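Q: Sharing a model that was predicted from the sequence below.
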Amino acid sequence: MSTDQFGLAEGEYVPDPDRDTTLLLDAFYDHLAATLIEYALPSDLTTTVRAHQGELEAANQHLIVDEPARHNLRMTLALVAAYEFLLPRLGKETAIAAVRAAFVEPLGDTMKEGTRAMLDNAPDPFQAMVELSRSREEYAFGKGFVFDRPVDDDERYHLDVHRCFYHDVLVANSAPELTPVMCAFDANWIEAIDPDRHGFRFDRRTTIGTGGTHCPFHFSRNQEAG
């Protein structure tokens with residue numbers, strides 16, 4: 001089986017929210033099952049967590065604003081369901097850490113290697129990353145997010161997220177402390193960017209989840225490339 005489930009390496013990735021979310025959640029629950037065993041809890045309790053996720057989805061249908069939001073709701077509420085299950089058993093800090101690991105780690109190497117290969121193979125890595133970002137903004141994020149682009153030219157693509165659907169869902173479900181988990185997932189592709197090798201850098205100094213007013217996703221060509 002290919003380790004590049006998303007088709008990133010050859011620049012073939014097209015956002016498919018249903019496929020991508022299903023891959024992510026299957027990996028999340030596999031990791032969660034291993035975590036339950038680690039803490040001497042029955043691994044088959046993931047079935048209970050999945051069922052609770054379904055209940056949360058039914059109760060949060062009013063938050064769906066478009067098709068991408070439907071799948072982003074699934075993804076976010078899986079974290080809530082797991083957290084609510086683990087919280088009374090492991091305590092807050094351990095529960096958050098367990099949810100974070102289950103969400104971030106399983107596909108981390110796949111995403112990092114695929115993104116790096118895409119950039120390595122692209123005639124213009126900066127442009128390839130900008131096109132990927134634009135595609136995900138439209139098809140993977142949708143209207144549940146509010147974007148502003150203060151700079152958008154051949155040298156810089158500065159995208160600011162002023163409303164985050166993930167955060168809105170977590171706040172609505174009394175779990176805003178999980179928003180940084182969503183932010184941490186981005187490290188899987190951010191770490192693939194090598195400014196010296198790819199000719200551009202990425203900056204994200206804060207996020208809504210970590211207390212910022214917005215999430216800056218800023219891609220800039222190196223000065224020597226400009």
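A: Noted; the coordinates are in hand.

Q: how about the strands of this protein, start to end?
A: 146-152, 156-163, 200-203, 215-221 (DSSP state E).

Q: Let me have these in TSV, adding mean neighbour count as columns.
A: Where you see a C-beta, it was placed from the backbone N, CA and C, and this is true even at glycine. Output for the strands of the chain, formatted as TSV (neighbours: other C-beta atoms under 10 Å):
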stretch	mean neighbour count
strand 146-152	13
strand 156-163	18
strand 200-203	17
strand 215-221	19
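
Q: Please identify which of those is closest to Ala81.
A: Among the strands of the chain, the nearest to Ala81 by C-beta to C-beta is strand 156-163 (23.6 Å).

Q: neighbouring strands for that closest one, and are they parallel or not?
A: Its sheet considered, strand 156-163 pairs with strand 146-152 (antiparallel), strand 215-221 (antiparallel) by DSSP bridges.

Q: got JSON lines for the ones you listed, with mean pLDDT too?
A: Conversion of the strands paired with strand 156-163 to JSON lines gives the following (pLDDT from 0 to 100):
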{"stretch": "strand 146-152", "mean pLDDT": "97"}
{"stretch": "strand 215-221", "mean pLDDT": "98"}
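
Q: closest one to Leu159 among these?
A: With C-beta to C-beta as the yardstick, what comes closest out of these is strand 215-221 (4.4 Å).

Q: CA atoms only for the closest one, dumped as PDB, please.
A: C-alpha atoms of strand 215-221 as PDB (Å, rounded to 0.1, in the frame of the first residue of the first chain):
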ATOM      1  CA  CYS A 215      -4.100  32.700  12.500                       C
ATOM      2  CA  PRO A 216      -1.500  34.100  10.100                       C
ATOM      3  CA  PHE A 217      -0.400  31.600   7.400                       C
ATOM      4  CA  HIS A 218       2.300  33.600   5.700                       C
ATOM      5  CA  PHE A 219       4.300  32.200   2.800                       C
ATOM      6  CA  SER A 220       7.200  34.500   1.500                       C
ATOM      7  CA  ARG A 221       9.900  33.900  -1.000                       C
END
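
Q: how far does it sit from the chain's center?
A: On the basis of C-alpha atoms, centre = their mean, to the nearest Å, strand 215-221 sits 16 Å off its chain's mean C-alpha point.

Q: For that strand, give me every contacting residue.
A: Contact partners of strand 215-221, identified using C-beta atoms under 8 Å, 6 or more residues apart in numbering, comprise 126, 129-130, 133, 154-161, 164, 183, 199-209.

Q: can you tell me the average pLDDT over stretch 128-143?
A: Averaging pLDDT along stretch 128-143 gives 95.

Q: before we move on, back to that, please identify which of the strands of the chain is closest to Val104.
A: Per C-beta to C-beta, nearest to Val104 of the strands of the chain: strand 215-221, 16.7 Å.
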